[in-house]
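> Turn this into a structure:
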Amino acid sequence: MNGRYSVWVGARLVAAAIIVAWAASYLTPGGGEKEFQKTLEAMKQVHSFRMAISATPYSQRNDFLWEVDCNRNFVHHRDHYVNTCTDPPACTQQSDMSREELDWAVYRYERVDDSPWKGGYVASNQTKYLCGHLAEGTDSNLMPPIATMIKRGIIQKGDKKKVNGVKCREWLVTMKGGTSGLEHDTVCLGLKDNLPYEMTVDWAHSRAVFSDYNKAIEFDLPADVARATSASGSN
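Below you'll find the predicted structure:
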């Protein structure tokens, strides 16, 4: 049990490190780009979305899925950790593990692997924080930090490409004087809606893909949440 807990703590630290690494890229002043202002305005109209992150630090593969639905007051995320090492001491740890958390209003639920949901714990309203930042046009720590890029980034136009079937243009973002290994990011912005569909970061080959903007987010809800949302007609 202790081994399982330590593996999970390690996986969560990796997830936190990814977010911190992204934020650490934006420490020095730079030029802004008017083109990104369109994206910032478009993001203010986002009420729901999915974000999938993959990263491969050291001998691990980490996949993180975040689903935000501001209309239904949900933030759901699932973390999947895989130990890909071949070094026997490290490989004594559990090699495959997943964990889910759901914030609904001020309540938090969680489960490990395919176990039943546990919770109803009172927690901070994560949905209010994330959705509030989106509506205000300020960085939310999930969507690409467009506001910060406008203020501090040196942005260069890249090529057009497709991400999950959506046509977008890749932009190269450089932060001069930033933390070593974190200077170069890319963001692919939709040609039709200006919304971000992909972001990459130097650290641990991190890649985030964004989808399902302003669509209903469906997943396996805890029973009491499903009953409550069904009764209120919001599900």
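
> So Ser98 sits against Arg111, correct?
No - the pair Ser98 / Arg111 is not scored as a contact, 9.2 Å apart, by CB atoms under 8 Å. Placement of C-beta: from N, CA and C, glycine included.

> where along this protein do the strands fall?
48-55, 60-69, 74-83, 96-104, 107-112, 118-122, 154-163, 166-174, 184-190, 196-201, 206-211 (DSSP state E).

> Can I get the ones you listed in a markdown table including distance to Lys128?
Below are the strands of the chain laid out as a markdown table (distance: least, CB to CB, whole Å):
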| stretch | distance to Lys128 |
| --- | --- |
| strand 48-55 | 15 |
| strand 60-69 | 11 |
| strand 74-83 | 9 |
| strand 96-104 | 9 |
| strand 107-112 | 13 |
| strand 118-122 | 14 |
| strand 154-163 | 29 |
| strand 166-174 | 29 |
| strand 184-190 | 26 |
| strand 196-201 | 22 |
| strand 206-211 | 21 |
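
> Out of the ones you listed, which gets nearest to Pro222?
Nearest to Pro222 among the strands of the chain is strand 107-112; the distance by CB to CB comes to 4.9 Å.

> if we compare the strands of the chain, which one ends up closest to Glu218?
strand 60-69 (9.0 Å).

> C-alpha coordinates for the closest one, PDB please?
Extracted in PDB, the C-alpha atoms of strand 60-69 (Å, rounded to 0.1, in the frame of the first residue of the first chain):
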ATOM      1  CA  GLN A  60       7.900   7.500 -17.000                       C
ATOM      2  CA  ARG A  61       5.000   8.200 -19.300                       C
ATOM      3  CA  ASN A  62       2.300  10.500 -17.900                       C
ATOM      4  CA  ASP A  63      -1.000  11.200 -19.400                       C
ATOM      5  CA  PHE A  64      -3.400  13.800 -17.900                       C
ATOM      6  CA  LEU A  65      -6.900  14.500 -19.000                       C
ATOM      7  CA  TRP A  66      -8.800  17.600 -17.800                       C
ATOM      8  CA  GLU A  67     -12.400  18.300 -18.600                       C
ATOM      9  CA  VAL A  68     -14.000  21.600 -17.600                       C
ATOM     10  CA  ASP A  69     -17.700  22.400 -17.900                       C
END
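
> Buried ones in that strand, by neighbour count?
60-62, 64-69 (16 or more other CB atoms under 10 Å).

> Report pLDDT for Val163.
Model confidence at Val163, given as pLDDT, is 96.

> ugh, typo on my part, it should be Lys215
93.

> likewise Leu13?
Value listed for Leu13 in the pLDDT field: 54.

> again with the one 4 residues further on
Among the per-residue scores, Ala17 holds a pLDDT of 56.

> now the chain, which segments are flagged as low pLDDT?
1-33, 57-60, 83-95, 175-183, 204, 224, 226-235 (pLDDT under 70).

> Go again with 50.
In the predicted model of the chain, residues 1-2, 4-9, 25-32, 234-235 satisfy pLDDT under 50.
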